[in-house]
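Chemist: Model the structure of this input:
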Amino acid sequence: MKPTDAELEIAIIAAERMRETGTDEHHLAKSLLYLYQRLDKVEKVLSAAEHYLHSGREESQYDALVRAIEAAR
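Modeler: Next up is the predicted model:
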């Protein structure tokens, strides 16, 4: 049931339009935009964790992982 990239882009554009025009009666657009932003942050944590694990656990990669986790919170 995962949307394609094109479908997701259309949904995000529609959600932004709904928020701008005040037609988000049931807060669906607000919720979609919030979850989309959270997903982006969580994906950055996953990416940072993968880089850290594959880097021989370098300190700079550890710091990047910690920053990504903090941003996701």
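
Chemist: Do you know the pLDDT at Glu59?
Modeler: What the model reports for Glu59 is a pLDDT of 88.

Chemist: again with Gly56
Modeler: At Gly56, the pLDDT value in this model is 84.

Chemist: what about it, distance to Ala64?
Modeler: Gly56 is 14 Å from Ala64, where distance means CB to CB, to the nearest Å. Yep, even glycine has a C-beta here, placed from its N, CA and C like the rest.

Chemist: Between these two, point out the one with more neighbours.
Modeler: With neighbours defined as other CB atoms under 10 Å, Gly56 and Ala64 compare such that Ala64 has more, 18 against 7.

Chemist: what's the helix or strand for Asp24?
Modeler: In this structure, Asp24 sits in neither a helix nor a strand according to DSSP states H and E.

Chemist: Kindly provide the distance from it to Ala14.
Modeler: The spacing between Asp24 and Ala14, counted by CB to CB, is 10 Å.

Chemist: try Ala71
Modeler: Distance from Ala71 to Ala14, by CB to CB: 27 Å.

Chemist: Over to Asp5?
Modeler: With distances defined as CB to CB, the gap from Asp5 to Ala14 amounts to 15 Å.

Chemist: More neighbours: these two, which one.
Modeler: Shown here are Asp5 and Ala14; by other CB under 10 Å, Ala14 has more neighbours (13 against 8).

Chemist: what residues are up against the more buried one?
Modeler: Residues in contact with Ala14, defined by CB atoms under 8 Å, 6 or more residues apart in numbering, are Ala29.

Chemist: helix, strand or coil for it?
Modeler: helix (DSSP: H, G, I helix; E, B strand; the rest coil).

Chemist: Roughly how far does it sit from Val45?
Modeler: 28 Å.

Chemist: swap in His54?
Modeler: Remark: distance between His54 and Val45 (CB to CB) = 15 Å.
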